[in-house]
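S.K.: dropping a prediction and its sequence here:
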Amino acid sequence: MPVRNTFKQFFQLEAAGGLLLIAAAALALIINNSPLSWLYNGLLEVPVVAQIGALKIAKPLLLWINDGLMALFFLLIGLEVKREVIQGHLSRASQIVLPGAAAIGGMVIPALVFWALNKDSPAAMSGWAIPMATDIAFALGVLALLGKRVPVSLKLFLMTLAIIDDLGAIIVIALFYSGELSNLSLALAAGSILSLIAMNRLGVVKLAPYLLVGLVLWVCVLKSGVHATLAGVILAFCIPLKTARDVPSPLQQLEHALHPWVAYAILPLFAFANAGVSLTGVTMESFTHHVPMGIALGLLVGKMVGVFGLTWLAVKTGMAALPTGANWGQVLGVSILCGIGFTMSLFVGSLAFVPGQSEFAGMDRMGILTGSILAALIGYGITAMASRKKVNPA
């Protein structure tokens, strides 16, 4: 499939999925602040058990969504990253410079903003990575509302930036949000990874063996103390992209099959399960507390300063050029849209502030929703004003 058609399909799915994501989050907020809140919370706490002999996985429904279904989300991210690096928009250094610089700024500055407001609280500092993320589905969904007034090159800039951002988030989760490690489970996980690599090197092109070993890998990683969603990324990197002539690419087959499920089912379900913040007893202090304030300002201000600042620096120093057909006002608007952390921020927040273990559990959601909603509204407004003249797709 031509790269342009692949990107067009990607954008259409992400944009539509982003709008569905907004609806799911709004529905969760409404239900959990209505007389049906008992039903919402009771549903998420339903125990779900899977057992084969002595192997038993028992978790509430919420954690099956966060640890299980989100592994499929990370599998899709891994597939997209591998394809883009080998033959897509990340395959040449010149294509990476501008979104890469913007992504680095968009990760570092928000973390520094959070640190500045929370450095005196060691318990709060575990949430430093929450405002680093960009929700690609949500951001592209908002950008899609402007239609053809926004050049395709700017949408591609946002997509590439968000993919690099997601890769950074994966590394952060692996390094900083793993629990106590089980040597036996890690050894079994390593054996699974070696099996996946061997199949790739031996030219296995059927998806079934990869998915079967990938399931074993997920269980081993889940039991090891390393976050289970990383199994999805590892599996993705082992699935072959290039094959002999006339043999369909296993990676692209799986990516195309998985993408609609992730965009239209998994991410909205995740949003519904994690965005239901109870507003009971909410006061001004709920917004001005250093944890939610650090997250909200990190997303809204930190992302804008980091993404726009590094983009401006890269262009002014001659390292890169602005996206074709885009102006600085549109770049500023997109920089603010990058502050829509939502899915990945909620995910990192669930790891940083575990309910029942952290005094800040739940506070992160207030900051994430506030920062993300403001970033969506302000980013859309600025991009719309800067895009008053209709542009032709690049």
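M.R.: Great, that's in hand. Quick caveat, the model's predicted, so the values are computed rather than measured.

S.K.: Val331 versus the closest residue to Gln330 other than its chain neighbours, what's the distance?
M.R.: Leaving aside its sequence neighbours, Gln330 sits nearest to Ala386 (CB to CB, 6 or more residues apart in numbering; 4.6 Å). Where you see a C-beta, it was placed from the backbone N, CA and C, and this is true even at glycine. Between Ala386 and Val331 the distance is 8 Å, computed by CB to CB, to the nearest Å.

S.K.: which one's more surrounded, those two?
M.R.: Counted by other CB atoms under 10 Å, Ala386 and Val331 do not tie: Val331 has more neighbours, with 25 against 20.

S.K.: for the residue lying farthest from the centre of the chain, phi and psi?
M.R.: Here the chain reaches farthest from its C-alpha mean at Gly53, the gap being 34.9 Å by CA atoms, centre = their mean. Note on Gly53: backbone dihedrals following degrees, to the nearest 10 are phi 60, psi -130.

S.K.: and what of the one 4 residues further on?
M.R.: Note on Ile57: backbone dihedrals following degrees, to the nearest 10 are phi -120, psi 110.

S.K.: for Ala376, see how far away it is.
M.R.: For Ile57, the distance to Ala376 (CB to CB) stands at 36 Å.

S.K.: give me the more crowded residue out of the two.
M.R.: Between Ile57 and Ala376, counting by other CB under 10 Å, Ala376 is the more crowded of the two (23 against 17).

S.K.: list the contacts of that one.
M.R.: Counting by CB atoms under 8 Å, 6 or more residues apart in numbering, Ala376 touches 138, 142, 337, 340.

S.K.: hmm, try it at 7 Å
M.R.: Counting by CB atoms under 7 Å, 6 or more residues apart in numbering, Ala376 makes contact with 142, 337, 340.

S.K.: now swap in Gly379 and tell me
M.R.: Gly379 neighbours (CB under 7 Å, 6+ apart): 142, 333, 336-337.

S.K.: per-residue pLDDT of the residue farthest from the centre of the chain, please?
M.R.: You'll see Gly53 listed with a pLDDT of 80.

S.K.: thinking again about what came up before, surely the residue nearest to Gln330 is in contact with Gly333?
M.R.: Yes: with contact defined as CB atoms under 7 Å, Ala386 counts as touching Gly333 (5.9 Å).

S.K.: between those two, which contacts overlap?
M.R.: What both Ala386 and Gly333 touch, as defined by CB under 7 Å, 6+ apart, is an empty set.

S.K.: now Leu322. Nearest residue, chain neighbours left out?
M.R.: Nearest to Leu322 is Val315, by CB to CB, 6+ apart, at 5.7 Å.

S.K.: now for that neighbour, how many residues are close by?
M.R.: Val315 has 17 neighbours, counted by other CB under 10 Å.

S.K.: so how far is Pro151 from it?
M.R.: Distance of Val315 to Pro151, given as CB to CB: 16 Å.

S.K.: also Trp328?
M.R.: Counting by CB to CB, the gap from Trp328 to Pro151 is 13 Å.

S.K.: tell me which residues touch the residue farthest from the centre of the chain, please.
M.R.: With contact set as CB under 7 Å, 6+ apart, Gly53 has no partners.

S.K.: over to Gln330?
M.R.: 150, 154, 383, 386-387.

S.K.: want to throw those into JSON lines with pLDDT, secondary structure and distance to Asn41?
M.R.: Shown next, in JSON lines, are the contacts of Gln330 (pLDDT from 0 to 100; DSSP: H, G, I helix; E, B strand; the rest coil; distance: CB to CB, whole Å):
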{"residue": "Val150", "pLDDT": "83", "secondary structure": "coil", "distance to Asn41": "39"}
{"residue": "Leu154", "pLDDT": "85", "secondary structure": "helix", "distance to Asn41": "41"}
{"residue": "Thr383", "pLDDT": "92", "secondary structure": "helix", "distance to Asn41": "37"}
{"residue": "Ala386", "pLDDT": "91", "secondary structure": "helix", "distance to Asn41": "42"}
{"residue": "Ser387", "pLDDT": "85", "secondary structure": "coil", "distance to Asn41": "42"}
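
S.K.: and the residues you listed, which two are furthest apart?
M.R.: The two members of the contacts of Gln330 with the most space between them (CB to CB) are Leu154 and Ala386, at 10.1 Å.

S.K.: which residues does the residue nearest the centre of the chain contact?
M.R.: Of all residues in the chain, the one closest to the mean position by CA atoms, centre = their mean is Met344, 4.0 Å from it. Met344 sits next to 133, 135, 166, 169 when contact means CB under 7 Å, 6+ apart.

S.K.: to which secondary structure element is the third one assigned?
M.R.: In other words, Asp166. Asp166 belongs to helix 152-176 when assigned by DSSP states H and E.

S.K.: outside of the helix or strand that comes right after that helix itself, list whatever touches it.
M.R.: Using DSSP H and E, the helix or strand that directly follows helix 152-176 along the chain is helix 183-201. Here helix 183-201 makes contact (CB under 7 Å, 6+ apart) with 209-210, 213, 216-217, 220-221, 223-224, 234-235, 238, 240.
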